[in-house]
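**Student:** fold the following.
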Amino acid sequence: MLKLRGGTNPFYALLVIAGVVFAITACAYGVMAFRQARPDSQALATSDTSLMGILDRHGIWILGGEVLLVGVLTIGAIGTDSYWQSKVEQQKTASQLPNSPSSSTTTFADNIQPADKGVTQ
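**Tutor:** All right, here's what the predicted structure looks like:
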């Protein structure tokens, strides 16, 4: 099982999903356009509720929306990357700190200096 590290940018996962959906839609739109361009084939013999029928009626708007979504997610990923990287650095720094104080630490009593030796009472 893939284990994600603590500071993974969630925009990357959303960007991958949106990119795959865009690629599938673009390929389907290309197939639809190719099928319509061939004069010897049945252009859209399928029903209007099929993917080809939906892409025939709304394909440009769907592709445009997906391009816009991929662009927004790309800007979000780039814009928040420094935040997620600093979060990873903070986790690394916190993991390198000791969990309990060691015996070599100084206390307040250790910092008290004795009175000058030359002063008599």
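**Student:** how close does Met52 get to Phe34?
**Tutor:** The spacing between Met52 and Phe34, counted by Cβ to Cβ, to the nearest Å, is 11 Å. Where C-beta positions appear, they are placed from N, C-alpha and C, glycine not excepted.
**Student:** longest single helix anywhere in the chain?
**Tutor:** The helix that spans the most residues within the chain, counting by DSSP state H, is helix 51-96.
**Student:** now for that one, which elements pack on it?
**Tutor:** helix 10-37 (3 or more Cβ pairs under 8 Å, 6 or more residues apart in numbering; DSSP states H and E).
**Student:** look at Met52 and Phe34 and report which has more neighbours.
**Tutor:** The residue with more neighbours, out of Met52 and Phe34, is Met52; 20 against 10, by other Cβ atoms under 10 Å.
**Student:** which non-adjacent residue is nearest that one?
**Tutor:** Distance criterion Cβ to Cβ, 6 or more residues apart in numbering; nearest residue to Met52, sequence neighbours excluded, is Met32 at 4.9 Å.
**Student:** that neighbour and Gly19: what is the separation?
**Tutor:** Where Gly19 is concerned, Met32 sits at a distance of 20 Å (Cβ to Cβ).
**Student:** ok, now Ala26?
**Tutor:** Here Ala26 is placed at a distance of 10 Å from Gly19 (Cβ to Cβ).
**Student:** just the buried positions in stretch 78-86, please.
**Tutor:** Trp84 (16 or more other Cβ atoms under 10 Å).
**Student:** check stretch 52-62 too.
**Tutor:** Neighbour-count burial for stretch 52-62 [16+ other Cβ under 10 Å]: Met52, Leu55, Asp56, Gly59, Ile62.
**Student:** burial measure for Leu73, as a count.
**Tutor:** A count of neighbours around Leu73, defined by other Cβ under 10 Å, yields 19.
**Student:** can you tell me the closest non-neighbouring residue to it?
**Tutor:** Leu15 (4.4 Å).
**Student:** I'd guessed the one you found sits against Val72; true?
**Tutor:** No - the criterion here is Cβ atoms under 8 Å, and Leu15 misses it with Val72 at 9.6 Å.
**Student:** which one of those two has more residues nearby?
**Tutor:** Neighbour tally, Leu15 and Val72, criterion other Cβ under 10 Å: the higher count belongs to Leu15, 18 against 14.
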